[in-house]
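J.: what would the 3D arrangement of this be:
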Amino acid sequence: QVQLVESGGGLVQAGGSLRLSCAASGRTFSSSAMGWFRQAPGKEREFVATISWNSYTSYADSVKGRFTISRDNAKNTVYLQMDSLKPEDTAVYYCAARESSLRSTSLTQYNYWGQGTQVTVSS
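T.: The predicted model follows:
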(Lines give C-alpha, C1' and ligand atoms only; values in the text may rest on other atoms or scores of the structure.)
Protein backbone atom coordinates (compact mmCIF):
# COMPACT_ATOMS: atom_id res chain seq x y z
CA GLN A 1 0.00 0.00 0.00
CA VAL A 2 1.11 3.56 -0.73
CA GLN A 3 0.01 6.74 0.95
CA LEU A 4 0.31 10.03 -0.88
CA VAL A 5 -0.14 13.45 0.71
CA GLU A 6 -0.17 16.60 -1.41
CA SER A 7 0.57 20.09 -0.16
CA GLY A 8 1.36 23.53 -1.52
CA GLY A 9 -1.90 24.50 -3.16
CA GLY A 10 -3.50 27.88 -2.70
CA LEU A 11 -4.70 31.09 -4.30
CA VAL A 12 -2.38 32.96 -6.66
CA GLN A 13 -2.74 35.71 -9.23
CA ALA A 14 -2.33 35.02 -12.92
CA GLY A 15 1.35 35.01 -13.84
CA GLY A 16 2.36 33.81 -10.40
CA SER A 17 3.95 30.57 -9.24
CA LEU A 18 3.24 27.71 -6.87
CA ARG A 19 5.13 24.57 -5.97
CA LEU A 20 3.15 21.45 -5.12
CA SER A 21 4.68 18.65 -3.10
CA CYS A 22 3.61 15.03 -2.75
CA ALA A 23 5.05 12.99 0.10
CA ALA A 24 4.90 9.23 -0.39
CA SER A 25 5.12 6.43 2.13
CA GLY A 26 4.50 2.71 2.33
CA ARG A 27 6.35 1.42 -0.75
CA THR A 28 9.72 1.74 -2.44
CA PHE A 29 9.22 5.23 -3.81
CA SER A 30 12.41 5.30 -5.82
CA SER A 31 11.19 2.51 -8.11
CA SER A 32 7.76 4.04 -8.79
CA ALA A 33 6.77 6.32 -11.61
CA MET A 34 4.78 9.31 -10.39
CA GLY A 35 2.27 11.63 -11.96
CA TRP A 36 0.30 14.80 -11.44
CA PHE A 37 -3.27 15.12 -12.66
CA ARG A 38 -5.88 17.82 -12.21
CA GLN A 39 -9.64 18.15 -12.22
CA ALA A 40 -11.51 21.39 -12.77
CA PRO A 41 -15.17 21.77 -11.73
CA GLY A 42 -17.45 19.98 -14.16
CA LYS A 43 -14.56 18.46 -16.08
CA GLU A 44 -12.85 15.09 -16.16
CA ARG A 45 -9.57 14.48 -14.44
CA GLU A 46 -6.71 15.14 -16.86
CA PHE A 47 -3.03 14.41 -17.14
CA VAL A 48 -0.56 17.16 -16.23
CA ALA A 49 2.92 15.62 -15.86
CA THR A 50 4.68 12.34 -15.18
CA ILE A 51 8.17 11.29 -14.12
CA SER A 52 9.82 7.89 -14.31
CA TRP A 53 11.94 6.30 -11.61
CA ASN A 54 15.07 7.75 -13.24
CA SER A 55 13.54 11.20 -13.84
CA TYR A 56 12.44 11.05 -17.45
CA THR A 57 9.49 13.42 -17.77
CA SER A 58 6.45 14.08 -19.96
CA TYR A 59 3.98 16.97 -19.92
CA ALA A 60 0.56 17.86 -21.20
CA ASP A 61 0.76 20.36 -24.06
CA SER A 62 -1.23 22.87 -22.00
CA VAL A 63 1.50 23.10 -19.33
CA LYS A 64 4.66 22.42 -21.33
CA GLY A 65 7.23 25.14 -20.74
CA ARG A 66 5.42 26.42 -17.63
CA PHE A 67 5.34 23.43 -15.26
CA THR A 68 8.23 21.26 -14.10
CA ILE A 69 7.93 17.88 -12.40
CA SER A 70 10.81 16.58 -10.32
CA ARG A 71 11.50 14.05 -7.61
CA ASP A 72 13.74 13.65 -4.59
CA ASN A 73 14.05 9.95 -3.84
CA ALA A 74 15.92 10.63 -0.60
CA LYS A 75 12.85 12.48 0.68
CA ASN A 76 10.24 10.24 -0.98
CA THR A 77 8.75 13.37 -2.51
CA VAL A 78 7.67 14.48 -5.96
CA TYR A 79 7.21 18.13 -6.86
CA LEU A 80 5.31 20.16 -9.41
CA GLN A 81 6.72 23.64 -9.96
CA MET A 82 4.05 25.76 -11.65
CA ASP A 83 5.08 29.06 -13.21
CA SER A 84 3.24 31.60 -15.36
CA LEU A 85 -0.04 30.34 -13.96
CA LYS A 86 -3.27 31.05 -15.84
CA PRO A 87 -6.88 31.09 -14.64
CA GLU A 88 -7.48 27.94 -16.67
CA ASP A 89 -4.98 26.13 -14.43
CA THR A 90 -7.52 26.36 -11.60
CA ALA A 91 -8.31 22.83 -10.44
CA VAL A 92 -7.78 20.25 -7.74
CA TYR A 93 -4.35 18.74 -8.33
CA TYR A 94 -3.78 15.08 -7.56
CA CYS A 95 -0.55 13.17 -7.08
CA ALA A 96 -0.51 9.54 -8.24
CA ALA A 97 1.88 6.61 -8.08
CA ARG A 98 2.35 3.60 -10.32
CA GLU A 99 3.56 0.16 -9.35
CA SER A 100 5.62 0.38 -12.54
CA SER A 101 8.81 2.39 -12.83
CA LEU A 102 7.81 3.72 -16.27
CA ARG A 103 6.02 7.03 -16.75
CA SER A 104 2.48 7.11 -18.10
CA THR A 105 0.06 9.82 -19.21
CA SER A 106 -3.00 7.64 -18.56
CA LEU A 107 -4.76 7.94 -15.23
CA THR A 108 -5.92 4.32 -15.48
CA GLN A 109 -2.28 3.23 -15.22
CA TYR A 110 -1.88 4.65 -11.72
CA ASN A 111 -2.52 2.50 -8.68
CA TYR A 112 -2.46 5.02 -5.83
CA TRP A 113 -3.86 8.52 -5.46
CA GLY A 114 -3.61 11.36 -3.00
CA GLN A 115 -6.53 13.39 -1.70
CA GLY A 116 -5.77 16.40 -3.86
CA THR A 117 -4.87 20.03 -3.25
CA GLN A 118 -6.79 23.04 -4.56
CA VAL A 119 -5.06 25.51 -6.86
CA THR A 120 -6.95 28.68 -7.71
CA VAL A 121 -5.57 31.25 -10.15
CA SER A 122 -7.29 34.62 -10.20
CA SER A 123 -7.32 36.89 -13.24
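J.: contacting residues around Asp72?
T.: With contact set as Cβ atoms under 8 Å, 6 or more residues apart in numbering, Asp72 has these partners: 78-79. All C-beta spots, glycine's among them, are computed from the backbone N, C-alpha and C.
J.: pretty sure Val48 contacts Phe37?
T.: Yes: contact criterion Cβ atoms under 8 Å: Val48 and Phe37 qualify, at 5.7 Å.
J.: give me the common contacts of the two.
T.: Here Val48 and Phe37 have Tyr93 as joint contacts, going by Cβ under 8 Å, 6+ apart.
J.: for the protein, which spans come out with low pLDDT?
T.: For the chain, no stretch has pLDDT under 70.
J.: quick one: the spatially most central residue of it and Val5, what's the gap?
T.: Centroid check for the chain by Cα atoms, centre = their mean gives Trp36 as the closest residue, at 2.3 Å. As for Trp36, its distance to Val5 is 14 Å (criterion: Cβ to Cβ, to the nearest Å).
J.: give me the common contacts of those two.
T.: By Cβ under 8 Å, 6+ apart, the residues touching both Trp36 and Val5 are Cys22.
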